[in-house]
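Undergrad: Give the three-dimensional model of this entry:
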Amino acid sequence: MYLRKTTRRYKDKTYTNHLLVESVHTARGPRQRIICSLGSLEPAPAEAWLGVAHKLEAALQGQGSLPGSAAAIADLTEKAKRGTRPARAPIELDVDHVAMEESREVGPVHVGHQVWQQLRIERILRRAGLSARACVLTEAMTLNRLIAPRSEHAMPDWMRRTALSDILHTDLSALDDDALYRNLDRLHPKRELIERELAAHEKTLFNLDDTVYLYDLTSTYFEGQMRRNPQARRGYSRDQRPDCKQVVVGLVLDRDGFPKAHEVFDGNLQDRCSLGPMLDALEKRVGAKPGATVIVDRGMAYAQNLDQLRQRGLHYVVAGLQPERTAWLDEFEQDEGWEDVVRVPSPRNPFQKKTRVQIKRRSKDDVVYILCRSDGRDEKDRAIRAKHEAKWLADVEKLQRRVAIGRLKANAKIQQAIGRLRERYPRVARYYAIAYDAEHHQLEWHALEDKKARATTLDGSYLLKTDRQDLSAEEIWRTYILLTRVEDAFRDLKSPLMERPIFHHLEHRTQTHIFLCVLAYHLLTAIEHRFLQAGIHTSWWTLREHLRTHQVATIVLPTTGRRVLKIRKATTPEPVHRQIYATLRIPVEVMTPVKTWHTRTDSDDKTV
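TA: As a prediction, this is how the structure comes out:
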């Protein structure tokens, strides 16, 4: 008897089988007869197979005995000759030394990987010209931003502490930060193509509406001089860090909160100057969309911005500027013509309180104006104005002391300083008259009480305007309120996706870092959207904490001999894990168990 190895390929996978065969003499000469199939004997060494065949032959002929599992194999082989289906050979385990090792977190990684596949991002990356290795690194870096954001220097250690290698079927043990930096360089020129194809696939996958676009800006600052990044400039800081250089990030979402386009601008760019470049970027991502409505905040409510929208065949809904609101003061003061609407909590922020808003519709020169008065907003407006007023008065007094002690003498320089103060505090400077008395060499100022009283009257009110004549007052107001989803997106980008701190000093790597944050936000939005479709209000932060308890580990099963069976598999998912996986429509089985045989060494014996 001898053992014959056979192989067969099925669906790009090779299956190995070992047959117990004997030679027999027939009238037509020697032939081979298959006694039974033994399955795969790997990874046992090949030189041991012949010995197994000889022992099996001796046992079947009654010549001696076979110990342990070999005797069982012989018995099963005899049953196979009689037509009985062979069973697995029993393995005697040393149960006192069963162990578990290499436990790794897998739940969040599994979810991120499955949603990555649902969005077909790997296919998009390959069409963009990235290699298989670059696709793996891009996914690993994006999942890091989604799960536990780190710098590129710290990412490899995080990847080795999770089951990312098991999920991606790639050995990441030797990965270093240089490979990740080089991958940023490869990604940078592909950003537009990736964003365009991803937006198109999401529209089909989730049946998204493309008639409304939400656009807003945020800033992200650096802790350093950033001499090698020309976009890093000082400007208006949304993070309350005017002392730091920054870049401005523009983001366009659809009405469901899915990103459509993003751009990174110079840190000193004014809001109104970003609209044109952002509309160009949006057309490159989604194509021209005549008739769509763009919603922007009052920082882009200037006439030239609205002309840009109309020239592209787009409608607009925008918050009016402060002077425009003042022009409607008489209407705000009248109690007639108001209708009540209730602002319910956002699906992404269910703990937000309900608020009552009064709205009134008016039209002028083919423009629809919506006057709004909000409960609770009046307190916010007063607090903001009081804060700015205190800073304004403090700086005016500093300027007065500089003039009094003679540090500023030239009239032109004093007037320049006054102008800079008015630019710095436009919200409250309009309520004060300030002038320089050259004869007495002192600065004089006083409050314009009538203007301050008018501002108090307008606390809690704001003005919306649009060229959409077909919408009711409530529809216009609710359309504008969708803009809060961009604010939610910026909060998610800064936490939990941790857009900053940014450790890159080069312009193109900073831009690619922000692109990876946006890519992670695509995954976050898809995850939360699935739960909203199921009527469950939750956040990725909460889901991530639940999923951390799902693990992958290696079970070590030593036998009574010197052989050790190691099985790499996931723990049984808990009910909360199963519910999350079912809602996201992803498989419960995290990975196919991997079984390997090892020989126990003397050092292992001392350990156990």
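
Undergrad: Surely F265 is in contact with V249?
TA: Yes. Under the criterion of C-beta atoms under 8 Å, F265 is in contact with V249, at a separation of 7.5 Å. (Glycine included, C-beta is placed from N, CA and C.)

Undergrad: shared neighbours of these two, which are they?
TA: L217 (C-beta atoms under 8 Å, 6 or more residues apart in numbering).

Undergrad: care to break the chain down by domain?
TA: For the chain, the domain assignment from automatic domain parsing gives the residue ranges 2-81, 208-321+463-533, 378-457.

Undergrad: what would those domains look like in TSV with mean neighbour count?
TA: What follows is the domains of the chain, written out as TSV (neighbours: other C-beta atoms under 10 Å):
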stretch	mean neighbour count
domain 2-81	13
domain 208-321+463-533	19
domain 378-457	14
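
Undergrad: Next up, phi/psi of the closest residue to V317 other than its chain neighbours, please.
TA: Nearest residue to V317, sequence neighbours excluded (C-beta to C-beta, 6 or more residues apart in numbering): T466, at 4.4 Å. Dihedral pair for T466: phi -160, psi 160, per degrees, to the nearest 10.

Undergrad: try G29
TA: Comment: the main-chain dihedrals of G29 come out as phi 110, psi -180, following degrees, to the nearest 10.

Undergrad: Could you measure from it over to V21?
TA: Separation of G29 from V21 (C-beta to C-beta, to the nearest Å): 16 Å.

Undergrad: Also L184?
TA: L184 is 57 Å from V21, where distance means C-beta to C-beta.

Undergrad: residue contacts, the spatially closest residue to E574 that is not a sequence neighbour?
TA: Here the nearest residue to E574 in space, its sequence neighbours aside, is T549; by C-beta to C-beta, 6+ apart that works out to 6.8 Å. Contacts for T549 (C-beta under 8 Å, 6+ apart) come out as 107, 574, 577.

Undergrad: Correct me if wrong, but T549 is in a strand.
TA: No. T549 sits outside any strand when classified using DSSP: H, G, I helix; E, B strand; the rest coil, being coil.

Undergrad: Check what pLDDT it gets.
TA: As summarised for this prediction, T549 has a pLDDT of 96.

Undergrad: quick revisit: between the contacts of T549, identify the one with the most neighbours.
TA: Highest neighbour count within these, by other C-beta atoms under 10 Å: G107, with 29 neighbours.

Undergrad: S173: neighbouring residues, count only.
TA: One way to gauge burial is a neighbour count; for S173, by other C-beta under 10 Å, it gives 9.

Undergrad: my guess is it meets L164, correct?
TA: No. Contact criterion C-beta under 8 Å: S173 and L164 do not qualify, at 10.9 Å.

Undergrad: For Q304, which non-adjacent residue is spatially closest?
TA: R272 (7.3 Å).

Undergrad: before we move on, the earlier item: flag whichever of the domains of the chain has the least confidence on average.
TA: Of all the domains of the chain, mean pLDDT reaches its minimum on domain 2-81 (a mean of 64).

Undergrad: ok so, going back, tell me the one of the contacts of T549 nearest D437?
TA: Taking C-beta to C-beta as the measure, G107 is the one of the contacts of T549 closest to D437, at 70.8 Å.

Undergrad: How about the contacts made by that closest one?
TA: When contacts are counted by C-beta under 8 Å, 6+ apart, G107 touches 546-551, 577.

Undergrad: Buried members of these into PyMOL, please.
TA: Here is the PyMOL command that selects the buried residues among those (16 or more other C-beta atoms under 10 Å):
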select buried, resi 546+547+550+551+577
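
Undergrad: Rebuild the contacts of G107 as JSON lines, extending it with distance to T484.
TA: What follows is the contacts of G107, written out as JSON lines (distance: C-beta to C-beta, whole Å):
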{"residue": "H546", "distance to T484": "26"}
{"residue": "L547", "distance to T484": "28"}
{"residue": "R548", "distance to T484": "30"}
{"residue": "T549", "distance to T484": "33"}
{"residue": "H550", "distance to T484": "33"}
{"residue": "Q551", "distance to T484": "38"}
{"residue": "H577", "distance to T484": "32"}
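
Undergrad: wouldn't the residue nearest to V317 be in contact with Y316 here?
TA: Yes. Contact criterion C-beta under 8 Å: T466 and Y316 qualify, at 6.1 Å.

Undergrad: shared neighbours of those two, which are they?
TA: T293.

Undergrad: ok so, going back, out of the domains of the chain, which is closest to P558?
TA: Proximity to P558 (C-beta to C-beta) singles out domain 2-81 among the domains of the chain, at 14.8 Å.

Undergrad: and of the contacts of T549, the nearest to H441?
TA: Distance from H441 was checked for each of the contacts of T549 by C-beta to C-beta. The minimum falls on G107, at 71.4 Å.

Undergrad: what about D297, distance to Q311?
TA: In this structure, D297 and Q311 are separated by 20 Å, where distance is defined by C-beta to C-beta.

Undergrad: Would you list the phi and psi of L214?
TA: Dihedral angles (degrees, to the nearest 10) for L214: phi -110, psi 130.

Undergrad: Touching, it and R255? I think so.
TA: Yes. Contact criterion C-beta under 8 Å: L214 and R255 qualify, at 7.1 Å.

Undergrad: which residues do those two both contact?
TA: 482, 485.

Undergrad: and the helix or strand containing K284, what does it pack onto?
TA: Taking DSSP states H and E as the definition, K284 sits inside helix 271-286. For helix 271-286, the helices and strands in contact under the criterion 3 or more C-beta pairs under 8 Å, 6 or more residues apart in numbering; DSSP states H and E are helix 191-206, strand 212-221, strand 246-254, strand 259-266, helix 303-311.

Undergrad: rerun that using 10 Å as the cut-off
TA: Contact analysis of helix 271-286 by 3 or more C-beta pairs under 10 Å, 6 or more residues apart in numbering; DSSP states H and E lists helix 191-206, strand 212-221, strand 246-254, strand 259-266, strand 293-296, helix 303-311 as its packing neighbours.
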